[in-house]
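**Q** what follows is a predicted structure for the sequence shown.
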Amino acid sequence: MLGKRKMAAGFRSYVWDPCLIISQIVAVQCVFYIFLALWILLVDFWTGSTRSLDQFFRAKELRFTTFKGKITMAAFCLNALTGAGGLWVIVRRAKQCLDFAATAHLIHLIVCTIYAGFPTTLTWWLLNLACMALMSVIGEFICMRTELKAIPVSVASVKSTV
């Protein structure tokens, strides 16, 4: 156990585990792209348009001037909601939701830059910042509600410990 280090003692002790963090990043990214693909597939089916990777990674596809651009932006917003659910299932800690949401969107920025060049449209930046905030805040809310649930204690178990 050389690579693990105890950060705090007692309740909710935290152990540094890089393998866990990397696997969580990969899992959140997979949820991000799988659900984005499903939302965009539904959008394309609804609008009757052709499917393309440009909808994922090209900033010029996200515009307010066309119906397809608006509905693709709606798919990104819906993806933020499902991404928040992914944070709840994978990360399960309210404190870490912002970190994982920002990491997922940073990786998306890198992939977009590799695919089509650095995004320069204001729409792309505003949409992705709003989606990151939405994913983070909703993920934190869901995780916090789970963390704050009352722990059921039965009377029999209390009497046996006394």
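**A** Structure's in. What do you need?

**Q** the helices in this protein, which residues?
**A** 18-47, 54-57, 67-90, 97-116, 122-147, 155-161 (DSSP state H).

**Q** same list (these) but as JSON lines, adding mean neighbour count.
**A** C-beta here means a position set from N, CA and C on the backbone, and glycine is covered the same way. Listed next are these as JSON lines, based on neighbours: other CB atoms under 10 Å:
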{"stretch": "helix 18-47", "mean neighbour count": "15"}
{"stretch": "helix 54-57", "mean neighbour count": "18"}
{"stretch": "helix 67-90", "mean neighbour count": "19"}
{"stretch": "helix 97-116", "mean neighbour count": "17"}
{"stretch": "helix 122-147", "mean neighbour count": "17"}
{"stretch": "helix 155-161", "mean neighbour count": "8"}
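
**Q** make a markdown table out of those helices and add mean pLDDT.
**A** Formatted as a markdown table, the helices of the chain follow (pLDDT from 0 to 100):
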| stretch | mean pLDDT |
| --- | --- |
| helix 18-47 | 94 |
| helix 54-57 | 92 |
| helix 67-90 | 94 |
| helix 97-116 | 97 |
| helix 122-147 | 96 |
| helix 155-161 | 59 |
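
**Q** dump the residue contacts of the residue lying closest to residue 120 once chain neighbours are set aside.
**A** Distances taken as CB to CB, 6 or more residues apart in numbering place residue 59 nearest to residue 120, at 6.8 Å, with adjacent residues excluded. Neighbouring residues of residue 59 by CB atoms under 8 Å, 6 or more residues apart in numbering: 112, 116, 119-121, 123-124.
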